[in-house]
Every structure is written in C-alpha cells, then in structure tokens.
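In: prediction below, plus the sequence it came from.
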Amino acid sequence: MMIGAWPASASPVSVAVAVVVLAVTLYGLLVEGAYRAPVGVRETLPETLRGQDLLTLLIVPVLLWAGLRARAGSLRAHIVWLALLFYLAYTYLMYVVTPFNDMFLLYVAAIGLASYGVLNGLLRIDVAVASAAFTEFPRRALAGFLLAVGALFVALWLAQILPAIPGDVPEALIVYDIPNAVHVLDLAFVLPLMIATGVLLFRRHQVASVLATLLLVKMTTVGLALLFMNGFVYADGGQIDVAEPAIWSVIVAVGSMWLVVVMRRIHQAPVSWLRPGLWAHGTPAKADGPTGQSRRTLPSSTPGEARSR
C-alpha cells in the first residue's frame with residue numbers, strides 16, 4: 001500500500017482546494033452580477049467565466065477521486081491529480097486579473113493551494129524509480145505532437161502581439177490596455193514547458209514521460225473549458241467565431257486520444273516511486289573536537305556491516 005508514503009498534507013490540500021473551488025464556482029454560477037463587464041472590458045467576459053466555472057465545478061469530483069487513487073499507489077492517478085491542480089492554478093491566475101469581485105481572496109487561496117500541491121507532488125516523484133512504468137511510452141510520436149502544438153500556439157499568440165508593437169494594443173485583450181493573462185501564462189510557462197518536454201522525450205529523459213502526461217491532461221481540460229465558454233456565450237445570444245469551437249474540439253479530441261494511448265501504456269510503478277518528502281530527514285551534524293569540523297553520525301549497524309563500509 002502507498003498510503004504511508006503519500007504526504008499527510010496531500011489529502012488536506014485536495015479537500016481544501018475542493019472546498020474553495022466549490023465556493024467560487026457556485027458563486028459565479030448562481031449569484032447575479034458575480035462577474036462584471038464595465039467599459040473597456042470584453043462584453044462576453046461574464047459568460048466566458050461562467051462557462052469556465054461549470055467545467056471547473058465538474059472537475060472537483062475527478063480531483064478528489066484522483067487524490068484517493070494516488071494515495072492507494074496509482075502513479076497514473078497521481079499525475080492526473082497534479083494536472084488538475086495545474087489547471088486550477090492556471091485558471092485562477094486569469095480570474096485575479098478580471099474585474100474585482102467578492103471571491104478575490106478565494107481565487108488567491110486556490111492559486112496558492114493548487115501551486116503548492118503541484119510543486120510538492122511533482123518534485124517528490126522519484127523519476128528514476130517511476131521510469132519502470134514508462135517502458136512502452138510512445139516517446140517519439142508524442143514528442144513530435146507536443147513540439148508541434150507548442151510551436152503553433154507560440155506563433156498564434158505572437159501573431160496577436162507583434163502587430164501591436166510599437167504604440168498599439170492587441171485586439172485579443174480582455175481588459176483594454178491590460179495584457180491578456182493567457183498570453184503571459186502560456187508564453188512564460190506553459191508553452192516553454194511543452195516544447196522542453198518534447199525535447200526531453202526525444203532525449204529519453206526520465207522526467208519527460210511524467211511531464212508529457214500531465215500536459216496532455218492540462219491540454220484536454222483547457223480545451224473543454226474553452227468549449228464551455230463558447231457554449232455559454234452562444235446561449236446568451238453572443239456572437240462567436242465558428243472556427244473557435246472547431247479548433248477547441250480538435251484539441252479535445254486529439255488530446256483525449258493521446259491520453260487513452262498514454263494511460264494504457266503506463267504500467268504499475270514500484271511502490272517507492274514517491275519520496276517521503278522533498279528533503280531527507282538526516283541526523284544533525286556534530287562538532288568533532290576543538291577544530292570545529294562537523295561529523296555526521298552514521299546509522300547504527302552491526303560490527304560486520306560497519307567493517308564492510
């Protein structure tokens with residue numbers, strides 16, 4: 001069983017994130033005027049945020065399920081759990097740059113909790129041990145896919161940004177004159193990570209398979225969120241570019257296909273794939289005589305074992 005190796009803090013993180021996300025999504029979906037579109041803000045912003053709220057609300061039970069399965073020793077579930085936390089941190093980093101509402105502090109809490117969960121859960125994977133689960137991973141084909149998607153979206157976002165330089169503003173802004181948070185997060189973090197993961201897959205780096213699976217889950221959830229946004233805008237009588245839902249549908253379909261392939265090729269990992277903590281609990285160093293040199297006490301052993309060291 002893996003429960004003992006999983007951090008005691010992980011279950012509270014899952015529950016805390018779930019409670020916060022339930023509160024903010026229900027607020028957005030049920031409270032009249034939760035989201036505003038004052039002058040200078042894209043008119044369809046309230047509907048797009050409600051669409052994202054609905055998808056995020058549906059993710060909560062999946063997050064809790066993945067956390068429970070990960071506690072039972074499932075590496076696949078652990079990666080899904082990390083990916084959903086990544087999605088939540090990404091999502092609420094966008095919410096905090098929209099017009100202020102009563103949930104602002106809970107958005108900040110969601111960002112902090114989800115980011116802690118991702119960093120703690122990702123850095124504690126012993127990729128050398130976990131690599132035994134990825135012996136049949138489709139590295140080269142998936143590397144090409146991630147590199148292509150990463151390069152495509154870099155080109156798309158730069159095509160929106162560069163024509164506005166110098167002296168103008170891009171057309172795809174949510175709030176006039178304020179940079180689009182999607183451009184910032186994607187160009188600074190997500191797309192470089194995607195491209196780097198593709199390169200690492202080609203080089204057969206041990207961490208690449210974990211990152212690639214995480215990115216596939218993130219890509220699929222974001223694509224679904226964009227479809228939900230388009231649906232809410234359309235249902236409210238707004239105009240949408242028909243090309244947008246077509247693109248998001250392709251992203252969801254291809255991402256889902258890759259997820260099925262990848263998940264079927266991740267085998268059961270050895271039970272020690274998750275480290276007990278980020279830093280080992282070693283014995284404090286002790287001063288060794290008047291010179292002040294430090295000496296670390298070795299674990300106790302039998303005389304025969306001590307001689308063999």
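Out: Done, it's in.
In: OK, contacts around the spatially most central residue of the chain?
Out: Among the residues of the chain, the one closest to the centroid is F86, at 1.9 Å (Cα atoms, centre = their mean). By Cβ atoms under 8 Å, 6 or more residues apart in numbering, the contact list for F86 reads A114, V118, L214, K218. Every C-beta, even on glycine, is put in place using the N, C-alpha and C of the backbone.
In: what is the nearest of those residues to R76?
Out: Here the nearest of the contacts of F86 to R76, counting by Cβ to Cβ, is L214; it sits at 11.1 Å.
In: figure out how far the helix or strand hosting that closest one is from the centre of its chain.
Out: Using DSSP states H and E, L214 sits within helix 208-235. Remark: helix 208-235 is offset 11 Å from the chain centroid, using Cα atoms, centre = their mean, to the nearest Å.
In: report the buried residues of the next helix or strand after it.
Out: The C-terminal neighbour of helix 208-235 among helices and strands, as given by DSSP H and E, is helix 243-264. The neighbour-count check on helix 243-264 (16 or more other Cβ atoms under 10 Å) flags P245, W248, I251, V252, V254, G255, S256, W258, L259, V262 as buried.
In: which elements pack onto helix 243-264?
Out: Under the contact criterion of 3 or more Cβ pairs under 8 Å, 6 or more residues apart in numbering; DSSP states H and E, helix 243-264 touches helix 139-161, helix 208-235.
In: just those: most buried one?
Out: Comparing the helices and strands packed on helix 243-264 on average neighbours per residue, with mean count of other Cβ atoms under 10 Å, the densest one is helix 208-235 at a mean of 22.
In: angle of that one against helix 139-161?
Out: In terms of direction (axes from the mean of the first three to the mean of the last three Cα atoms, to 10 degrees), helix 208-235 departs from helix 139-161 by 40 degrees.
In: what average pLDDT does helix 208-235 get?
Out: The average pLDDT within helix 208-235 is 93.
In: by contact count, what packs against that helix?
Out: helix 45-71, helix 75-95, helix 139-161, helix 191-202, helix 243-264.
In: closest to L227 out of the ones you listed?
Out: Short answer: helix 243-264, nearest of those by Cβ to Cβ, at 4.8 Å.
In: one step back: just send the buried residues of helix 243-264 back as TSV, with pLDDT and distance to R124 too.
Out: Below are the buried residues of helix 243-264 laid out as TSV (pLDDT from 0 to 100; distance: Cβ to Cβ, whole Å):
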residue	pLDDT	distance to R124
P245	87	38
W248	89	33
I251	90	30
V252	92	30
V254	92	30
G255	91	26
S256	93	28
W258	93	25
L259	93	23
V262	93	21
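In: any chance of JSON lines for these, columns distance to G51?
Out: Formatted as JSON lines, the buried residues of helix 243-264 follow (distance: Cβ to Cβ, whole Å):
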{"residue": "P245", "distance to G51": "11"}
{"residue": "W248", "distance to G51": "11"}
{"residue": "I251", "distance to G51": "16"}
{"residue": "V252", "distance to G51": "14"}
{"residue": "V254", "distance to G51": "21"}
{"residue": "G255", "distance to G51": "18"}
{"residue": "S256", "distance to G51": "19"}
{"residue": "W258", "distance to G51": "24"}
{"residue": "L259", "distance to G51": "22"}
{"residue": "V262", "distance to G51": "27"}
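In: from those, which is closest to S11?
Out: Nearest member of the buried residues of helix 243-264 to S11, counting by Cβ to Cβ, is L259, at 25.0 Å.
In: and the nearest residue to the closest one once chain neighbours are set aside, how far from V97?
Out: Closest residue in space to L259, ignoring its immediate chain neighbours: L216 at 5.1 Å, by Cβ to Cβ, 6 or more residues apart in numbering. Applying Cβ to Cβ, to the nearest Å, one obtains 27 Å for the distance of L216 from V97.
In: ok, and the closest non-adjacent residue to A225?
Out: Spatial nearest neighbour of A225, excluding adjacent residues (Cβ to Cβ, 6+ apart): L55 at 4.6 Å.
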